[in-house]
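**Student:** Below are the sequence and a predicted model; questions follow.
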Amino acid sequence: MALTGPGVRTAGERLAVYRLMPSMRRFRTLSLEEHAHRRLIRWLRTGAAEDLPESLRAEWVGDPRLRRAEFPCGYPGAPVFSRRVADLLAYDLKAAGRQLPVVVPEDAESPYVLQLVEQVVDCVDTRRSAKPKKTTGQMKITVFRPDALPSHLPAFRVPEFPGGVHWNGWAVRCLTDLLGDDLEARLIWSEDRNLAPHPAPWGF
């Protein structure tokens with residue numbers, strides 16, 4: 001399944017924003033090396049080029065007999081994809097930012113990449129959203145301004161919480177088609193008021 005153009009939101013599809021995580025199914029996940037991950041977090045907050053690592057080292061965790069997840073990391077600002085998925089979604093993911101190699105010492109090649117989401121968009125309705133946490137910027141309740149939401153992007157970040165990647169509903173639908181139950185999509189906000197947001201979208 002290859003996407004053929006930006007913003008594959010279908011006619012009549014309501015705006016929705018999600019946080020993505022690996023599902024709770026049993027498979028191996030990746031743990032990013034702490035130093036590089038800290039540098040990435042600094043870059044997410046500062047945007048300074050000197051803070052950004054060129055690649056990230058990682059190691060597999062979990063039972064070696066289990067298969068490896070294709071969305072193997074749950075870090076809020078570090079979406080990692082198998083290269084298969086990244087290649088299938090390359091056209092659309094490019095709109096959100098660059099990709100960095102994820103180096104796993106036990107693998108001869110680098111079959112995983114980190115999607116570096118560079119687009120930061122001021123689209124939060126701060127009057128209706130929860131106050132960001134001082135330490136992280138996370139918001140328990142986030143309400144978006146539909147007129148400002150970058151619905152043409154698969155993913156974006158917001159000034160209030162630059163360390164977290166938000167995903168538009170159409171991109172989540174495409175990823176779910178590829179990954180199925182391997183992916184957990186936690187609803188943060190939707191135009192459809194019949195849909196209840198996840199009570200703790202950024203928690204584990």
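**Tutor:** Great, that's in hand.
**Student:** packing partners for the host helix or strand of residue 30?
**Tutor:** For residue 30, the host element (DSSP states H and E) is strand 29-32. The helices and strands touching strand 29-32, judged by 3 or more C-beta pairs under 8 Å, 6 or more residues apart in numbering; DSSP states H and E, are strand 56-61. (Each C-beta comes from the backbone N, C-alpha and C, glycine too.)
**Student:** Partner strands of the strand it packs on and their direction?
**Tutor:** strand 29-32 (antiparallel), strand 97-103 (parallel) (DSSP bridges).
**Student:** Would you reformat these as a markdown table and include mean neighbour count, mean pLDDT and distance to residue 60?
**Tutor:** Below are the strands paired with strand 56-61 laid out as a markdown table (neighbours: other C-beta atoms under 10 Å; pLDDT from 0 to 100; distance: least, C-beta to C-beta, whole Å):
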| stretch | mean neighbour count | mean pLDDT | distance to residue 60 |
| --- | --- | --- | --- |
| strand 29-32 | 20 | 94 | 6 |
| strand 97-103 | 18 | 94 | 11 |
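**Student:** before we move on, the earlier item: I'd like the next helix or strand past the strand holding residue 30.
**Tutor:** Next in sequence after strand 29-32, counting helices and strands by DSSP H and E, comes helix 34-46.
**Student:** Report the buried residues of that following helix.
**Tutor:** Of the residues in helix 34-46, 36, 37, 39, 40, 41, 42, 43, 44 count as buried by neighbour count, 16 or more other C-beta atoms under 10 Å.
**Student:** Go through these and say which is closest to residue 139.
**Tutor:** Set against residue 139, the nearest of the buried residues of helix 34-46 by C-beta to C-beta is residue 44 (15.5 Å).
**Student:** hmm, back to that, which outside residues touch the strand holding residue 30?
**Tutor:** 22, 40, 56-62, 69, 72-75, 78, 80, 102, 104, 112 (C-beta atoms under 8 Å, 6 or more residues apart in numbering).
**Student:** CA atoms only: put it into PDB for me.
**Tutor:** Output in PDB follows, covering the C-alpha atoms of strand 29-32 (Å, rounded to 0.1, in the frame of the first residue of the first chain):
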ATOM      1  CA  THR A  29      10.300  -3.400  21.300                       C
ATOM      2  CA  LEU A  30      13.200  -1.000  20.900                       C
ATOM      3  CA  SER A  31      14.800   1.000  23.800                       C
ATOM      4  CA  LEU A  32      16.600   4.000  22.600                       C
END
